[in-house]
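**Student:** The sequence isn't on hand, but the structure is:
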C-alpha cells in the first residue's frame, strides 16, 4: 500500500488509541455512527472541518488503523500489526451504534474478500448495527477493482448494505489525492460531501419512527415587502426544546428569536438562503438551509 503522509499516520495511530469522535458528543441523544477504516480514512483526523461536517447532528466515532485488513491481521507498520476490521467490530460490539461505515480493502488481496464481507456483515448485525455503508476503493490497481466487484455483489445478499461508490465519485478528481488514494484537504472535503448524504439516509431509515436525528428545514411562507412578517423556522428530532444559535443571510430589518420565530417587515424583494444553526436540549448542534422568499406587495 502506498505510504501516506507521516503526519497523517501519526494522527491515525493516535486517533485509533483515543477514539476520536465529534466534539461534545459523549453524552448525546443523536444516533451513533461508527467509521471503521484503514489509513485512507485518516484524512478525517487532520481535516477537522470535513470531520465536523460529517459529524453534524450525529454521534460520530472513528476507528482507523494504518495497514488494516478486513478479516486478517494487518500489514506491519512501526513494528506492529493492527487488528482487522472484523476484530475491531467484535471489540466495539453495541458501542458501534445503529449505523456503521466500512472503508477497508486497500491492504487486502481480492481472493476471498467477498467471504470476508459476509463475516463482517454478520458481526455488525450481531452487534446491533441496522445499516451499513460500505465505501468502494479507488481502482488504481486491478486487485482493487476486483474487491469492488465483490462488495457490489455482496449487496445482493445483505439488504442492510448500501454501497458508497467512491470510485465513481472521485473519478476526474486526481487533484484530491496525494498518492492516488490518500486524500489531501480538498479530497477530504469532497469525501465528506459524498459520504454525509449516505450516512443520513442510513440513519433516517433506522430512526425515522423515533425521530432522533436533529434536523432543520421546511419551507417558510412567502413574505411581502412592506408587510409585517411572522413565521417560525421548523426544527424536529433530537431532544426538544430547541434553540436557534444563529441565522446568516437574514435580510434587515428582519430578526430571529431564540425559538426560531422570524419577525419584522422586509423591505427588498428577493430570495434569501438562510444558514440556520440550532442546538437541542442534549447539546447536539446541527445546521440547515432555509429559503425565505420576499415578493413585491
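**Tutor:** Now that the structure is in, tell me what you want to look at. Being a predicted model, the structure only gives us computed values, none of them experimental.

**Student:** For this structure, just list every one of the helices.
**Tutor:** Listed in chain order, the helices found in the chain under DSSP state H are 6-18, 43-46, 48-55, 85-92, 113-126, 142-154, 166-169, 185-207.

**Student:** How is the chain divided into domains?
**Tutor:** Under the assignment automatic domain parsing, the domains of the chain span 6-207, 215-295.

**Student:** can you put these in CSV and add mean neighbour count and mean pLDDT?
**Tutor:** Just so you know, the C-beta spots here come from the backbone N, C-alpha and C atoms, and that holds for glycine as well. Shown next, in CSV, are those (neighbours: other Cβ atoms under 10 Å; pLDDT from 0 to 100):
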stretch, mean neighbour count, mean pLDDT
domain 6-207, 19, 87
domain 215-295, 16, 88
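
**Student:** Including distance to residue 36, could the helices of the chain go into CSV?
**Tutor:** Below are the helices of the chain laid out as CSV (distance: least, Cβ to Cβ, whole Å):
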stretch, distance to residue 36
helix 6-18, 10
helix 43-46, 12
helix 48-55, 14
helix 85-92, 5
helix 113-126, 9
helix 142-154, 14
helix 166-169, 15
helix 185-207, 13
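
**Student:** Nearest to residue 285, out of those helices?
**Tutor:** helix 48-55 (9.6 Å; Cβ to Cβ).

**Student:** Next, the angle from that closest one to helix 185-207.
**Tutor:** Put simply, helix 48-55 runs at 10 degrees to helix 185-207, going by axes from the mean of the first three to the mean of the last three Cα atoms, to 10 degrees.

**Student:** Could you list every helix and strand that helix 48-55 packs against?
**Tutor:** helix 43-46, strand 59-64, helix 185-207 (3 or more Cβ pairs under 8 Å, 6 or more residues apart in numbering; DSSP states H and E).

**Student:** make it 10 Å
**Tutor:** Applying 3 or more Cβ pairs under 10 Å, 6 or more residues apart in numbering; DSSP states H and E, we find helix 48-55 packed against strand 32-37, helix 43-46, strand 59-64, helix 185-207, strand 285-295.

**Student:** Any chance of TSV for those, columns distance to residue 85?
**Tutor:** What follows is these, written out as TSV (distance: least, Cβ to Cβ, whole Å):
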stretch	distance to residue 85
strand 32-37	5
helix 43-46	16
strand 59-64	8
helix 185-207	17
strand 285-295	29
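
**Student:** what about the ones you listed, which gets the closest to residue 225?
**Tutor:** strand 285-295 (5.7 Å).

**Student:** How far does the closest one sit from its chain's centre?
**Tutor:** Its chain's C-alpha centre and that of strand 285-295 lie 22 Å apart, by Cα atoms, centre = their mean, to the nearest Å.

**Student:** So what are the sheet partners of it and their directions?
**Tutor:** Strand 285-295 has the following strand partners under DSSP bridges: strand 223-224 (parallel), strand 270-279 (antiparallel).

**Student:** nearest to residue 93, of the ones you listed?
**Tutor:** Closest approach to residue 93 among those is made by strand 270-279 (30.2 Å; Cβ to Cβ).

**Student:** Contacts for that closest one, please.
**Tutor:** The contact list for strand 270-279 (Cβ atoms under 10 Å, 6 or more residues apart in numbering) reads 56-57, 214-217, 220, 223, 225, 233-235, 238, 242-251, 254, 256, 260, 262, 266, 284-295.

**Student:** related to what we said a few turns ago, go through the strands paired with strand 285-295 and name the closest to residue 32.
**Tutor:** strand 270-279 (18.7 Å).

**Student:** what about the closest one, distance to the chain center?
**Tutor:** Centroid separation for strand 270-279 versus its chain: 22 Å, with Cα atoms, centre = their mean.

**Student:** Numbering from 25 from now on, please.
**Tutor:** New numbering, starting at 25: the last item is strand 294-303.

**Student:** any chance of the strands paired with strand 309-319 in JSON lines, plus distance to residue 62?
**Tutor:** Compiled in JSON lines, the strands paired with strand 309-319 are given as follows (distance: least, Cβ to Cβ, whole Å):
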{"stretch": "strand 247-248", "distance to residue 62": "51"}
{"stretch": "strand 294-303", "distance to residue 62": "33"}
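
**Student:** among those strands, which is nearest residue 130?
**Tutor:** Closest among the strands paired with strand 309-319, using Cβ to Cβ: strand 294-303, at 36.3 Å.
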